[in-house]
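Enquirer: Make a model of this:
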Amino acid sequence: MRRLRILTWHTHGAYLYYLTQAPHEFYVLSKPGRPPGYGGRCGGRPWGPNVHDLPVEDARNVELDCIVFQDDVHWLDDQHRWLTGAQRRLPRIYVEHDPPRENPTDTRHPVDDPEVLLVHVTPFNALMWDSGRTPTRVIEHGVIAPRQALYTGELARGIVIVNNLARRGRRLGADIYKAARAQVPLDLVGMGAEELDGVGEIPHGDLPAFAARYRFLFNPIRWTSMGLAVIEAMMAGVPVIGLATTEMARAIENGVSGWVDTSPARLVERMRALLADRNLSRALGAGARRRAMQRFGIERFVHDWNAALAQVTGTRAEGGVVAHAA
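Expert: Numbering: from 1, shown residues only. Sure, this is the predicted structure:
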């Protein structure tokens, strides 16, 4: 497959990092001060040489092959503000990262264009959105796996990895986290974690090894997409306890890679069992790693993205050749 020149945005830093493992040139829009969504190459990740910082005012001067939108504001505003008419007619993909917010079953997706490919990051998201006449495709997450499991489970505590949990309320499970923390020892990690007496933010590259010291990862989120932090922990050999909602219900196998349930009380019971039995935690963590390697490998992710890019650009797809795995 020929190397494509792709314009996109820095919406989710971890996702962008894994997306840019595809063997193409990525031009990432930036603004002065690096505000959310316009960070370019920011964030301290080991960006490869195929990731180019592109100030928004220079976007119209760059020759491109494809545009990958990742947020409503990009689709509704930015393309008309920063791109030429010819650029707006290029092959286009919209990545939908989340399930619908307003109504779980009857929300129409803002992209209504048969010439655009709508990519959902989980089968659950694709099921819940009304995508109308826009063609759709599911590309599940892919992450770079550590060469070997990092699990030690030395800390008889659970870890919760959610950004700005205090401000994001019930949807992200702030109430569930607080209730569970009152019953079992839990450490909150992520941006703004200090607002709930948490640990704080850990650099992305250090997070898998940091999480691997804990007995389990607890995901209290009611309604969002499949979290990359969950998958990265699984890759490191950490078992997962979480709510059996959205794609989590399918990603975690009870008694094999962790436990999911719709009852927070039953989940607390499972947490206590893992705190009491490190060997059980290690066994479930090994199952989590196997599951993640089978379903969320970076080679499969790159292969799927190459196929999607080939579909919209009319070029020939190749296999999952990773551009620059760190």
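
Enquirer: Identify the residues contacting the residue most central in space within the chain.
Expert: Centroid check for the chain by CA atoms, centre = their mean gives Leu228 as the closest residue, at 3.9 Å. With contact taken as CB atoms under 8 Å, 6 or more residues apart in numbering, Leu228 is in contact with His12, Ala14, Tyr15, Tyr18, His141, Val143. Quick note: C-beta positions are derived from backbone N, CA and C, even for glycine.

Enquirer: Output the contacting helices and strands for the longest helix belonging to the chain.
Expert: Longest helix of the chain, by residue count under DSSP state H: helix 278-295. Where contact means 3 or more CB pairs under 8 Å, 6 or more residues apart in numbering; DSSP states H and E, helix 278-295 is packed against strand 214-219, helix 228-235, strand 258-261, helix 264-276.

Enquirer: rerun at 10 Å
Expert: Contacts defined by 3 or more CB pairs under 10 Å, 6 or more residues apart in numbering; DSSP states H and E place helix 278-295 against strand 155-161, strand 214-219, helix 228-235, strand 240-243, helix 248-251, strand 258-261, helix 264-276.

Enquirer: Would you mind giving those as JSON lines with mean pLDDT added?
Expert: Listed next are those as JSON lines, based on pLDDT from 0 to 100:
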{"stretch": "strand 155-161", "mean pLDDT": "98"}
{"stretch": "strand 214-219", "mean pLDDT": "98"}
{"stretch": "helix 228-235", "mean pLDDT": "96"}
{"stretch": "strand 240-243", "mean pLDDT": "98"}
{"stretch": "helix 248-251", "mean pLDDT": "96"}
{"stretch": "strand 258-261", "mean pLDDT": "98"}
{"stretch": "helix 264-276", "mean pLDDT": "98"}
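
Enquirer: most tightly surrounded among the ones you listed?
Expert: Ranked by mean neighbour count, the helices and strands packed on helix 278-295 are led by strand 214-219 with a mean of 29 (mean count of other CB atoms under 10 Å).

Enquirer: now that strand: how far from the chain's centre is it?
Expert: Distance, stretch centre to chain centre, for strand 214-219: 18 Å (CA atoms, centre = their mean, to the nearest Å).

Enquirer: name the helices or strands packed onto it?
Expert: Secondary-structure packing of strand 214-219 (3+ CB pairs under 10 Å, 6+ apart): strand 155-161, helix 174-181, strand 186-189, helix 228-235, strand 240-243, strand 258-261, helix 264-276, helix 278-295.

Enquirer: which stretch among those comes nearest Gly43?
Expert: Closest to Gly43 of those, according to CB to CB: helix 228-235, at 13.6 Å.

Enquirer: So what's the gap between the closest one and the chain middle?
Expert: Worked out by CA atoms, centre = their mean, helix 228-235 lies 9 Å from the chain centre.

Enquirer: May I have that helix exported as PDB, CA atoms only?
Expert: Extracted in PDB, the C-alpha atoms of helix 228-235 (Å, rounded to 0.1, in the frame of the first residue of the first chain):
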ATOM      1  CA  LEU A 228      -7.500   2.000  26.400                       C
ATOM      2  CA  ALA A 229      -6.200   2.000  30.000                       C
ATOM      3  CA  VAL A 230      -8.200  -1.200  30.600                       C
ATOM      4  CA  ILE A 231      -6.700  -2.800  27.600                       C
ATOM      5  CA  GLU A 232      -3.100  -1.700  28.400                       C
ATOM      6  CA  ALA A 233      -3.500  -3.100  31.900                       C
ATOM      7  CA  MET A 234      -4.700  -6.400  30.500                       C
ATOM      8  CA  MET A 235      -1.700  -6.500  28.200                       C
END
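
Enquirer: so it versus helix 278-295, what angle?
Expert: When axes from the mean of the first three to the mean of the last three CA atoms, to 10 degrees is applied, the directions of helix 228-235 and helix 278-295 differ by 110 degrees.

Enquirer: got the angle for helix 228-235 vs strand 214-219?
Expert: Put simply, helix 228-235 runs at 150 degrees to strand 214-219, going by the same axes, to 10 degrees.

Enquirer: relative to strand 155-161, how tilted is helix 228-235?
Expert: Orientation check (the same axes, to 10 degrees): helix 228-235 against strand 155-161 gives 140 degrees.

Enquirer: from now on call the first residue 24
Expert: Got it, the first residue is 24 from now on, which makes the last one we talked about helix 251-258.
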